[in-house]
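> Model the following, please.
(chains A and B)
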Amino acid sequence: MILRGGQLSSVQDAGRPGFQALGVTPGGALDTVALRVGNWLVGNAEHQAAIEITWAGPRIGCTEDTLIAATGAAAELSCAGVPVPGWRPVWIRKGGVLEIGQVTEGARLYLCVQGGIDTPVVLGGLGTDLRNRFGGHAGRALIRGDVLALGAQQESYPRLHARLTDTHGDFAAPPWQVSMWRDSGVPSAAPLRLLTGPHQSRLGPKDQAALHGASFRVLPQSDRQALRLQGPALTLGSCRYPSAGVCRGVMQLPPDGNPILLLADHQTTGGYPVIGVTAGVEGTRLAQLRPGDAVRFVPCGLAQAQQLLLERERRLLIIKHELAWRAAQG
Amino acid sequence: MTVDPLGDSAVLVEFGAAPEAALRPAIVGFCAAVQARAWPFVHDLVPGVQSVCIHYDPVRLAASGWTAPSWCAALAALDAAPATPSAARLHQLPICYEAGFGLDLERVAGQLGLSVDAVIERHAAALYQVVMIGFAPGFPYLAGLPQALQVPRRASPRSAVPAGSVAIALDLCGIYPVQLPGGWHVVGRTPVRLFDPNRDPPSLLRAGDQVRFTPVDRRGFEALCTV
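Residues are numbered from 1 along each chain as shown, chains lettered A, B, ... in the order given. Alright, predicted model coming up:
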């Protein structure tokens, strides 16, 4: 039960790929790693739907005993005035109220619940297409009074569950945690890896150097569709580019010279020249950027980008197994 | 045809700047050939004006024993027969050109030096082909706009173009499936609902389809309205 919607909270899952040829954005959680780890923490399948919370959080009342996990951005999270730790399973008693205040580090927090948020499947996805107003909960951001249904709760971790429920408090959490964001091995100030885009070579030598050296600022117009960046104005010679498919991470250069970096809710096709594409592993960092943040870019090859994805997948698998083991121990 | 990576999880296949009519069969045929392979790591195949964008999962690509360069080479070597448009996919879309629907008809006619009736006649006489769906769910880019009707985009875009609006700009015609901002000139409106996320398939049109507009009057529009 949503008691306060927060700045922008919406139901998101792994998105709805497969319909881009019909103009349907793939969408889904911006920070896919946080969504997957959060779901593992509560014993869900990795892509079940959760609440994506942006900037300032909602207040959520639990209408039944449940296991939750908060992952992604760091935020002031509490229950009955007591801070609730993130990146671990937390058992909440029926009637408990989760208060999620300001996000203190990063931009987007994921609240995963045992059983997952149960919304109707629309075009293969449970998440909200906010721009086109379908999917998720009533095709819109969450507001006060919304009641979210939960999927069937499996008893995945009976020992952990037994230990956590043996409490008089409103909630209980184990002493251990996983911190994927901090453990990802990339300090947040490191430049973002950028692969060559189809039109990068049309930038003059000075602009090419600026693209890979200068600092760009994230503008407040940024949203789930794209990060709007401002840095040294880049110019491209006249370039008439017939609309073509685009993907997450594509960096477009409109005539005003301020790059647009596409995120999950990107339009399926675009007509602006593409000067670069961020590596897939950067997706989770892009999701956590906030207006005013400064970013830099560094060239990256395709083989290296895919190798990094495979390595991250291996690290995630280790975390998944470690989690299952800890939870089984109780 | 060139095959180039677009980041680490998509490939852009470009078919060169040949005339639209020559390009379409090659693009539709190429998409069919890729689909026939049923590669498990490919999840989206998006036709563009002169291109096809293939979205894939790089982790599954590696698990299938490919590297990006080896797979790109396989795509470039794909033996794809050009596909001819199928008459089965010809859509007759009703359109109302009357006042209140064809919001920019008079302005367009003035710019082109034609009468309003001449614009309507030419627009309704043409046979269009869906080049791609983009911009918004179910929004078709239609090739086949007669040369005599080609105008640049509006100087300032509208913040809200009504759902069903049929609009033209440059050498294309488009249809707004829902109310959206837009900079094309609205010449009429169709009462047919182009996109419904709860319908299967959700989009009435897909790339490669043909479209012909059938004029109806206001009463005909209202009788048919499903938007």
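
> From now on I want contacts and neighbour counts done on CA atoms only, so please keep to that.
Will do.

> Farthest out from the centre of chain B, which residue is that? Tell me.
B:G65 (34.9 Å; CA atoms, centre = their mean).

> B:R193 versus that one, what's the distance?
Separation of B:G65 from B:R193 (CA to CA, to the nearest Å): 43 Å.

> for A:L262, same thing?
A:L262 is 29 Å from B:R193, where distance means CA to CA.

> Those two: who's more crowded?
Set A:L262 next to B:R193 and count neighbours by other CA atoms under 10 Å in any protein chain shown: A:L262 wins out with 25 against 17.

> For that one, which residues are in contact?
The contact partners of A:L262, by CA atoms under 8 Å, 6 or more residues apart in numbering or on different chains, come to A:225-227, A:247-252.

> Please identify the member of the residues you listed with the greatest number of neighbours.
That'd be A:M251 among those, by other CA under 10 Å, with 30 neighbours.

> Surely that residue is in a strand?
Yes: under DSSP: H, G, I helix; E, B strand; the rest coil, A:M251 sits within a strand.

> Identify the residues contacting it.
With the criterion set at CA under 8 Å, 6+ apart, A:M251 makes contact with A:197, A:259-262, A:274-278.

> One more pass at 10 Å, please.
By CA atoms under 10 Å, 6 or more residues apart in numbering or on different chains, the contact set of A:M251 is A:194-197, A:200, A:226-229, A:258-263, A:272-278.

> quick one: A:V218 from chain B, how far?
21 Å (CA to the nearest CA, to the nearest Å).

> Now the residue nearest to the spatial centre of chain A: closest residue in space that isn't a chain neighbour?
Residue closest to the average C-alpha location in chain A (CA atoms, centre = their mean): A:D31, at 2.1 Å. Closest residue to A:D31 apart from its sequence neighbours, by CA to CA, 6 or more residues apart in numbering or on different chains: A:T284 at 4.6 Å.

> tell me the pLDDT at the nearest residue to A:L229 once chain neighbours are set aside?
Leaving aside its sequence neighbours, A:L229 sits nearest to A:V218 (CA to CA, 6+ apart; 4.8 Å). For A:V218, the pLDDT comes out at 96.

> Tell me how many other residues crowd A:V218.
A:V218, neighbours per other CA under 10 Å, totals 21.

> tell me which parts of the stretch 151-300 of chain A are close to chain B?
A:194-198, A:241-250, A:266-271, A:274, A:276-281, A:300 (CA under 10 Å from any CA of the partner chain).

> Of the residues you listed, which belong to strands?
A:194-196, A:244-245, A:250, A:269-270, A:274, A:276-278 (DSSP state E).

> Put together JSON lines for the residues you listed, with distance to B:G100 and pLDDT on each row.
Putting those into JSON lines (distance: CA to CA, whole Å; pLDDT from 0 to 100) gives the following:
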{"residue": "A:L194", "distance to B:G100": "48", "pLDDT": "98"}
{"residue": "A:L195", "distance to B:G100": "48", "pLDDT": "98"}
{"residue": "A:T196", "distance to B:G100": "47", "pLDDT": "96"}
{"residue": "A:A244", "distance to B:G100": "33", "pLDDT": "94"}
{"residue": "A:G245", "distance to B:G100": "34", "pLDDT": "96"}
{"residue": "A:V250", "distance to B:G100": "39", "pLDDT": "98"}
{"residue": "A:T269", "distance to B:G100": "30", "pLDDT": "95"}
{"residue": "A:G270", "distance to B:G100": "30", "pLDDT": "92"}
{"residue": "A:V274", "distance to B:G100": "38", "pLDDT": "96"}
{"residue": "A:G276", "distance to B:G100": "43", "pLDDT": "97"}
{"residue": "A:V277", "distance to B:G100": "43", "pLDDT": "98"}
{"residue": "A:T278", "distance to B:G100": "45", "pLDDT": "98"}
